[in-house]
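Peer 1: Quick check, what structure comes out for this input:
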Amino acid sequence: MSQVLYRKFRPQNFSEVVNQSPIKITLQNAVSAGAVAHAYLFTGPRGVGKTTLARILAKALNCTQKNKGEPCMSCANCLAVQEGRFMDLIEIDAASNTGVDNIREIIEHIKFSPSQGNYKVIVIDEVHMLSKGAFNALLKTLEEPPAHAIFILATTEISKVPATIISRTQRFDFKRLSQSDIIGQLEKVGKKTKSALAPEILKLIARGSEGSLRDALSLFDQVVSFGGEKITLEQVEEMLGMSPFSLNQDFFGFLISHDLRQSVGLIKNLTMSGKDLLQFGNGFLEYIDMVLSKKINPNAQSFGLAKEDEDRLNTQAEVTSQRDLVRMANIFMQAVQKVKFSPLPQLPLELAAIEYIGDLDNIGNNHKPEINREVVKPIEPKVELKNESDEKSEKILEKIQVTDNAGGLEQINLKWGEFIEKVRDYNHALITSLRLSKLVKRDAGVLYLAFPYRFHKDAVEQRKNTIILEKVLEEIYGESLRVKCLMLHEVEVEPELEIKKSSSGLAEEAMKIFGAV
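Peer 2: Prediction:
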């Protein structure tokens, strides 16, 4: 029976351990200086080297020819540890040995001097699984163990380890491995086993391993067994239950285009095709991070994507605001955390799409006009309006006389109600603001709207909302019109357009807000 890759290529000395440099250096120096602690606590994600380093430390402590803290790999003790027959290395799995009797048996055992080496090394894996009684039995021994005994506790859930145990150990926090580190190791293994895989497949395996080298080697082994060097990227995606990278970009495009039907539909399709929604969610968060990196620094690394994917990433980063990216990331981080425990894994992601887009009325709407599902280039306005935050000495806005220069304001008014109802199909939250607005001017393809309150003006002039308004204007009126937003106090309103601040006028405004008129 052949050995699985993660056991066959397990590091045998400190230098072979991937990453975790601060931990390796500290332990190696402690061995070299003869200043090893009596108890260590290794904590971190699965498959990042906790148990491996525990065995290497045991080997180095008992090596008869160690050099600067590194085990020699050739003495009798090193070979015995490597082959799993070293009598003074005791490994127990706390998941299956949780009781107080198991710990008492170890305590009795360490009272005797080592039989082969200089130290008895006790490795307790998944230590957080011990019972309360077992932890209590371990406490005194951890505080004052025999001089020849070294305890190494390992856990993936440090929050479940009692503070009294943590305080009696030297704690080391292991980190997830980067994708580049994992890809480098997979390339080395591929050369040694003569089963090299294409770079894009290695990247997919590294992404699916979630920072665990052990998982990456298991996936590599699985892929090689399936099809060797002839396997395609699509086959690997299907075998691992992972979604193509393009789906992340499609989903992102649907969200920023406020296409709720397509966003929810994509999640439904993934569910029906049996894809792992947790992996999709994690992959989508990774893509949001890539877009955010490009937004912050357009000259950032290329991420090793194909040219068409890189171009699409750059464009999506260009037209999405940093605030929207942060909001999207926060919403989907919460959703992905819920996927694992939801009886319907797709539901948290669907609700996240609804929350981000903010339009419950769009689900199942098959008659909604299409808007660009890719990204939409910002339209440079012909009229520049300064913000109120400018210095008071500056003139904030030129006064605009309410006129109908293009002669079509009356035509706009005739279909204004139809326009507002059509906007409802995209974002019903805009309706309140539009009902409070005044059509004050149409000039050179620009439609000017005035608002009594800053809140409504700010809501409408968000780029994602002006895209919707301009799309619907073109559909209703058959021509391309841009939208500019003003405050009523910035406009020289003709008498017949003035808003009367009487009690009846305020009542009318309130009725508009609540949709009564």
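
Peer 1: who touches the longest helix along the chain?
Peer 2: What stands out as the longest helix in the chain, according to DSSP state H, is helix 277-296. Contact partners of helix 277-296, identified using CB atoms under 8 Å, 6 or more residues apart in numbering, comprise 207-208, 210, 240-243, 245, 247-249, 251-252, 267, 270-271, 300-301, 303, 313-314, 316-318, 320, 322, 325-326, 328-329, 332-333, 335-336, 339-340, 345-346, 349. C-betas here are computed from N, CA, C, even on glycine.

Peer 1: Give me the mean pLDDT for that helix.
Peer 2: Mean pLDDT, computed over helix 277-296, is 90.

Peer 1: immediately after that helix, which helix or strand?
Peer 2: Following helix 277-296 in sequence order, the next helix or strand is helix 307-319 (DSSP states H and E).

Peer 1: can I get the CA coordinates of that following helix in PDB?
Peer 2: Taking C-alpha atoms only, helix 307-319 is exported to PDB below (Å, rounded to 0.1, in the frame of the first residue of the first chain):
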ATOM      1  CA  LYS A 307      -5.800  38.600 -19.500                       C
ATOM      2  CA  GLU A 308      -9.500  38.700 -20.000                       C
ATOM      3  CA  ASP A 309     -10.100  38.000 -16.300                       C
ATOM      4  CA  GLU A 310      -7.500  40.700 -15.300                       C
ATOM      5  CA  ASP A 311      -9.200  43.200 -17.700                       C
ATOM      6  CA  ARG A 312     -12.600  42.600 -16.200                       C
ATOM      7  CA  LEU A 313     -11.200  42.800 -12.700                       C
ATOM      8  CA  ASN A 314      -9.700  46.200 -13.500                       C
ATOM      9  CA  THR A 315     -12.900  47.500 -15.000                       C
ATOM     10  CA  GLN A 316     -15.000  46.400 -12.100                       C
ATOM     11  CA  ALA A 317     -12.600  48.000  -9.600                       C
ATOM     12  CA  GLU A 318     -12.700  51.200 -11.600                       C
ATOM     13  CA  VAL A 319     -16.500  51.700 -11.500                       C
END
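
Peer 1: can you give me the offset of stretch 105-119 from its chain's centre?
Peer 2: Put simply, stretch 105-119 sits 46 Å off its chain's centre (CA atoms, centre = their mean, to the nearest Å).

Peer 1: one step back: report the buried residues of the longest helix of the chain.
Peer 2: By 16 or more other CB atoms under 10 Å, the buried positions in helix 277-296 come out as 277, 279-285, 287-288, 290-295.

Peer 1: Also stretch 71-83?
Peer 2: Within stretch 71-83, the residues that count as buried by 16+ other CB under 10 Å are 71-72, 75, 77-78, 80-82.

Peer 1: Now distance to H456 too, for the residues you listed, in CSV please.
Peer 2: Below are those laid out as CSV (distance: CB to CB, whole Å):
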residue, distance to H456
P71, 71
C72, 76
C75, 79
N77, 78
C78, 75
A80, 77
V81, 72
Q82, 72
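
Peer 1: Could you identify the most distant pair in these?
Peer 2: Farthest-apart pair in these is C72 and A80; separation 12.7 Å (CB to CB).

Peer 1: Quick one: low-confidence residue ranges for the stretch 151-300 of the chain.
Peer 2: Applying pLDDT under 70 to the stretch 151-300 of the chain picks out residues 228-229, 241-243.

Peer 1: Now do the helices in it.
Peer 2: 163-166, 179-193, 199-209, 213-227, 233-240, 245-256, 260-272, 277-296 (DSSP state H, counting those that start in this stretch).

Peer 1: what would the ones you listed look like in TSV with distance to I25?
Peer 2: Converted to TSV, these look like this (distance: least, CB to CB, whole Å):
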stretch	distance to I25
helix 163-166	22
helix 179-193	17
helix 199-209	25
helix 213-227	19
helix 233-240	35
helix 245-256	37
helix 260-272	44
helix 277-296	30
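
Peer 1: Run the angle between the host helix or strand of A335 and helix 307-319 for me.
Peer 2: Per DSSP H and E: A335 is located in helix 322-339. Using axes from the mean of the first three to the mean of the last three CA atoms, to 10 degrees, the inter-axis angle of helix 322-339 relative to helix 307-319 is 120 degrees.

Peer 1: Which neighbouring elements make contact with helix 322-339?
Peer 2: Applying 3 or more CB pairs under 8 Å, 6 or more residues apart in numbering; DSSP states H and E, one finds that helix 322-339 contacts helix 277-296, helix 346-357.

Peer 1: domains of the chain?
Peer 2: 5-173, 179-240, 261-362, 400-513 (automatic domain parsing).

Peer 1: Can you give me the neighbour number for the closest residue to S433 other than its chain neighbours?
Peer 2: In space, and not counting its chain neighbours, S433 is closest to H456: 3.8 Å by CB to CB, 6 or more residues apart in numbering. Residue neighbour count, defined by other CB atoms under 10 Å, stands at 21 for H456.

Peer 1: Show the pLDDT at H456.
Peer 2: pLDDT, H456: 77.

Peer 1: Alright, that wraps it up for me.
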